[in-house]
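Chemist: Quick one, fold the following:
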Amino acid sequence: MKFYTIGYGGRAPQEFLEMLLAKDVKTVVDVRLRPDRARQGTWVKAGNPDKGIEKLLTEAGIGYVSLIELGNLFLEYTDWETRYQTLLDRTGDLLTERLSSIPAPFCLLCAEKKAADCHRRLIADFLVRRKGAQVEHI
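Modeler: Here you go, the predicted model:
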């Protein structure tokens with residue numbers, strides 16, 4: 001299985017879409033804990049799929065799934081990476097279980113532009129180690 005990750009921070013919506021379409025991404029998997037609290041309306045998971053990120057993706061022919069169970073519960077801690085890694089080590093198979101039913105190739109989405117600064121990198125590393133997946137951070 002090959003999948004991708006992307007962060008929308010600092011990107012224009014059209015640039016974001018072009019990057020996904022260039023990789024033939026079928027589904028964006030939102031791994032934000034609170035996608036309903038995005039600072040900019042384009043990126044918010046609205047109560048209505050005709051608004052926000054769902055509208056943006058749907059109009060481009062890309063599916064959207066929110067998996068809040070993969071959100072970073074530890075973002076406010078200075079050692080969030082260690083804490084999140086411990087969570088994955090203990091319950092990662094359960095937390096990532098729903099990914100197996102999502103149309104591929106999928107792309108994990110979070111706010112941080114750089115994967116190195118984001119918990120989606122830890123999820124990706126887990127999937128590579130435990131599931132033999134291949135990842136590309138775009």
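Chemist: can you pull out the helices in the protein?
Modeler: 13-22, 52-59, 80-95, 119-131 (DSSP state H).
Chemist: would you list these in JSON lines and tack on distance to Cys107?
Modeler: Heads up, the C-betas are built off the backbone N, CA and C, glycines and all. Below are the helices of the chain laid out as JSON lines (distance: least, Cβ to Cβ, whole Å):
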{"stretch": "helix 13-22", "distance to Cys107": "6"}
{"stretch": "helix 52-59", "distance to Cys107": "10"}
{"stretch": "helix 80-95", "distance to Cys107": "18"}
{"stretch": "helix 119-131", "distance to Cys107": "10"}
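Chemist: Lys2 is nearest to which of those?
Modeler: helix 119-131 (10.4 Å; Cβ to Cβ).
Chemist: how many other residues sit next to the nearest residue to Gly132 once chain neighbours are set aside?
Modeler: The shortest distance from Gly132 to any non-neighbouring residue, by Cβ to Cβ, 6 or more residues apart in numbering, is to Met1 (7.6 Å). For Met1, the neighbour count with other Cβ atoms under 10 Å is 14.
Chemist: Please apply the same query to the one 3 residues further on.
Modeler: Per other Cβ under 10 Å, the neighbour tally for Tyr4 reads 24.
Chemist: For it, give its distance to Val29.
Modeler: According to Cβ to Cβ, to the nearest Å, Tyr4 and Val29 sit 10 Å apart.
Chemist: ditto for Lys51
Modeler: 19 Å.
Chemist: Which one of these two is surrounded by more residues?
Modeler: Neighbour count, other Cβ under 10 Å: between Lys51 and Val29, Val29 has more, with 24 against 14.
Chemist: Point out where this structure drops to low pLDDT.
Modeler: Nowhere does the chain drop to pLDDT under 70.
Chemist: give me that answer again for 80
Modeler: 39-40 (pLDDT under 80).
Chemist: Spatially nearest residue to Val128 (excluding sequence neighbours)?
Modeler: Val135 (5.8 Å).
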